[in-house]
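Colleague: Kindly generate the corresponding structure for this input.
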Amino acid sequence: MNSNPRQLKLLNTVRSRGSITVEQLADMLGVTLQTVRRDVQRLADEGLLARFHGGVRVPSSTTENIGYQQRETLHAEGKARIARAVAARVPNDCSLILNIGTTTEAIAKALLRHTGLRVITNNLNVASILSDNPACEVIVAGGSVRLRDRAIVGEATVDFIRQFKVDIALIGVSSIEDDGTLRDFDLREVKVAQTIIAQAREVWLAADASKFNRPAMIELAKLSQIDCLFTDAAPPPPFPELLERAQVRCEIARDT
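Modeller: Here you go, the predicted model:
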């Protein structure tokens, strides 16, 4: 398509954030709401963006996640900020479960200087990272290894995690929909994550801003099952109201 420089900037802004409101776009680009809506409509007609009520997001599938290597680099700066914010709240000498995802892997890197941690994980990448911390005990769940991202899933994984009760579960998800539902793509992964939530005294969700309003197929949990959300930008409407209603603390990881 023959986009003008403003439309290309708009497209790049949405791609960098994952999802954003029309008002935020108008403010960031220094144009009117009418101009943004016109540009968004054109880009949506071309299949480059997807609209939702009050905003716009990167188009994505409800049935399949994007590839691991792409997720590893996508929103890497925001994930690093989230990881630092989470690590700052994790006390030494506590027990944790970290699940699958590039955000939890970033958190593992941020925990390398902690002491006295006992970490259970179904993510071989997390286990590899934290095994470099001599003051951390790493317990790896059994199950089937998913080759594309070294995740461990399946009924054996669920049974293994049921043996534990930890202080904090640190989880990532693929989608937070505007009805307060957390969703993901793989049923086996979802079953493990649901067990992790059930076996934790507190549940902390780490999700960059691209996860808001992103569609995914399988329900994992509700916001009301989460104690704290760590993200890298202010959630768009209606999420502040949903978080308040669900009594979820929201910590926005700012640039430092």
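Colleague: Would you mind measuring from Ala169 to Gln163?
Modeller: According to C-beta to C-beta, to the nearest Å, Ala169 stands 14 Å off from Gln163. C-beta: built from backbone N, CA, C; applies to glycine.
Colleague: What ranges does this protein have for its helices?
Modeller: 5-17, 22-29, 33-45, 68-73, 76-89, 102-110, 124-130, 155-161, 187-198, 239-245 (DSSP state H).
Colleague: Out of those, indicate the one that is most buried.
Modeller: Neighbour counts (mean count of other C-beta atoms under 10 Å) averaged over each of the helices of the chain peak at helix 102-110, with a mean of 24.
Colleague: That helix - contacts with which helices or strands?
Modeller: helix 68-73, helix 76-89, strand 95-98, helix 124-130, strand 166-171, strand 200-206 (3 or more C-beta pairs under 8 Å, 6 or more residues apart in numbering; DSSP states H and E).
Colleague: Select, out of the ones you listed, the one closest to Arg113.
Modeller: helix 76-89 (8.3 Å; C-beta to C-beta).
Colleague: For the nearest residue to Gly47 once chain neighbours are set aside, give me its contacts.
Modeller: Leaving aside its chain neighbours, Gly47 sits nearest to Pro59 (6.6 Å; criterion: C-beta to C-beta, 6 or more residues apart in numbering). Neighbouring residues of Pro59 by C-beta atoms under 8 Å, 6 or more residues apart in numbering: 47-50.
Colleague: do the same with Ile120
Modeller: 95-98, 139-141, 161, 164, 166.
Colleague: In PDB, list the C-alpha atoms belonging to stretch 97-115.
Modeller: The C-alpha trace of stretch 97-115 is given here as PDB (Å, rounded to 0.1, in the frame of the first residue of the first chain):
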ATOM      1  CA  ILE A  97       6.700 -21.000  40.300                       C
ATOM      2  CA  LEU A  98       7.600 -19.500  36.900                       C
ATOM      3  CA  ASN A  99       5.600 -20.800  33.900                       C
ATOM      4  CA  ILE A 100       6.100 -20.700  30.100                       C
ATOM      5  CA  GLY A 101       6.900 -17.500  28.100                       C
ATOM      6  CA  THR A 102       9.500 -15.000  27.100                       C
ATOM      7  CA  THR A 103       8.400 -12.600  29.800                       C
ATOM      8  CA  THR A 104       9.000 -15.100  32.600                       C
ATOM      9  CA  GLU A 105      12.400 -15.800  31.000                       C
ATOM     10  CA  ALA A 106      13.200 -12.100  31.300                       C
ATOM     11  CA  ILE A 107      12.100 -12.300  35.000                       C
ATOM     12  CA  ALA A 108      14.400 -15.300  35.500                       C
ATOM     13  CA  LYS A 109      17.400 -13.100  34.300                       C
ATOM     14  CA  ALA A 110      16.400 -10.300  36.700                       C
ATOM     15  CA  LEU A 111      16.400 -12.800  39.600                       C
ATOM     16  CA  LEU A 112      20.000 -13.900  39.200                       C
ATOM     17  CA  ARG A 113      21.200 -11.900  42.200                       C
ATOM     18  CA  HIS A 114      18.500 -13.100  44.600                       C
ATOM     19  CA  THR A 115      19.400 -15.500  47.300                       C
END
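Colleague: starting at the chain centroid, how far to that stretch?
Modeller: Put simply, stretch 97-115 sits 13 Å off its chain's centre (C-alpha atoms, centre = their mean, to the nearest Å).
Colleague: what does stretch 222-234 give?
Modeller: Worked out by C-alpha atoms, centre = their mean, stretch 222-234 lies 10 Å from the chain centre.
Colleague: if we can go back for a sec, state the pLDDT value of the residue nearest to Gly47.
Modeller: Listed pLDDT for Pro59 reads 72.
Colleague: likewise Thr32?
Modeller: 94.
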